[in-house]
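Peer 1: Dropping the sequence and predicted coords here.
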Amino acid sequence: MSRVLVVGAGVVGLTCAVRLLEAGHRVDVVARDLPLETTSAVAAALWYPYRALAQDRVTTWSRTSYAAFAAIAAPEEYGGDPEAGVRMVPGTEVLDGPRPDPWWRAAVPDLQPAADLPEGWTAGWSFVAPVADMSVYLGWLVRRVEELGGTLTRLNLGALPPHGIVVNCSGLGARLLGADRSVVPVRGQVVVVEQFGLDRWWRHGGGPTYVVPRTHDVVVGGTDVEGEWSRTPSPATSTAILERAAALVPALRGARVLRHRVGLRPVRPAVRVERVGDVVHCYGHGGAGVTLSWGVADDVVGLVDR
């Protein structure tokens, strides 16, 4: 099997590394930012195909990832891993009016019309979705890489190495490393509040408003500002986020704020997963890096083995 260099240590890079190692390759991961410093660490990590195209490929990748996360979140006696920080959580996306099923419907095993909608909404759909606590899950992925014999090293590259097989999972770094100016930042700000007993996720289908419960806290978002590079949280934006989200979950109004976070989503007209010479590109996942991660990783293995 080949020796492969994976560039990028966000959720996509680490997942690709795991799949490549499982396929028998020798893998080294290098990145300017270590996992907990990446945009992946900011993500609410609710499975949802957001800001990622093309629809057919994204649906296929999302379906594969859904199944992988469901297996990870299964009880330990059925092969799941309780240390991974992944849970299957019921929730509802509210809509301003009736709509056809979402284009990614085929990726979800069971999607139903929503009942018990918050005041002000007339339609929606409910389904069970994977939710990953990224402060836990990224560490779990790193351990998997190391257990399988891979390495992770901080290294700031000015260009992709000219020799050997390289998997480019550099996200926004692909503007430089892939010479791809079509990749742009889309700024997302979130507020993390104390866990106040919430056991369902909520999302507004008409905009970037969501409330995602984790075991010890709740992630409340968000924003979607294209072309903005600042990672400094805005207090006014946080206030607006909480106000919008409280319309979905009124109990948020009394929740204690723990921290404010900003991440820059790497958005592109279409997710790039292709091989050019000895380089396999895998970037441009927008707001769906977690959602697509296991699906694109399987394709990357196929491209490396080609």
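Peer 2: Great, that's in hand.
Peer 1: so when I look at residue 215, I'm seeing a helix, right?
Peer 2: No: per DSSP: H, G, I helix; E, B strand; the rest coil, residue 215 lies outside any helix segment and is coil.
Peer 1: neighbours around the nearest residue to it once chain neighbours are set aside, how many?
Peer 2: Spatial nearest neighbour of residue 215, chain neighbours left out: residue 133 (6.4 Å); criterion: CB to CB, 6 or more residues apart in numbering. Where you see a C-beta, it was placed from the backbone N, CA and C, and this is true even at glycine. By other CB atoms under 10 Å, 21 other residues sit near residue 133.
Peer 1: same deal with residue 236?
Peer 2: Applying other CB under 10 Å, we find 8 other residues in the vicinity of residue 236.
Peer 1: element containing it, please.
Peer 2: Assigning secondary structure by DSSP states H and E places residue 236 in helix 235-246.
Peer 1: before we move on, what about residue 91?
Peer 2: strand 86-95.
Peer 1: The stretch 1-150 of the chain: helices as residue ranges?
Peer 2: 11-22, 55-73, 134-147 (DSSP state H, counting those that start in this stretch).
Peer 1: hmm, back to that, now the helix holding residue 236, how far from the centre of its chain.
Peer 2: 22 Å (CA atoms, centre = their mean, to the nearest Å).
Peer 1: same deal with stretch 110-124?
Peer 2: 25 Å.
Peer 1: Report how far apart the opening and closing residues of it are.
Peer 2: Counting by CA to CA, to the nearest Å, you get 14 Å between the two ends of stretch 110-124.
Peer 1: I'd like the mean pLDDT over it, please.
Peer 2: Averaging pLDDT along stretch 110-124 gives 92.
Peer 1: Number the residues from 12 up from this point.
Peer 2: With 12 as the first residue, the last one maps to stretch 121-135.
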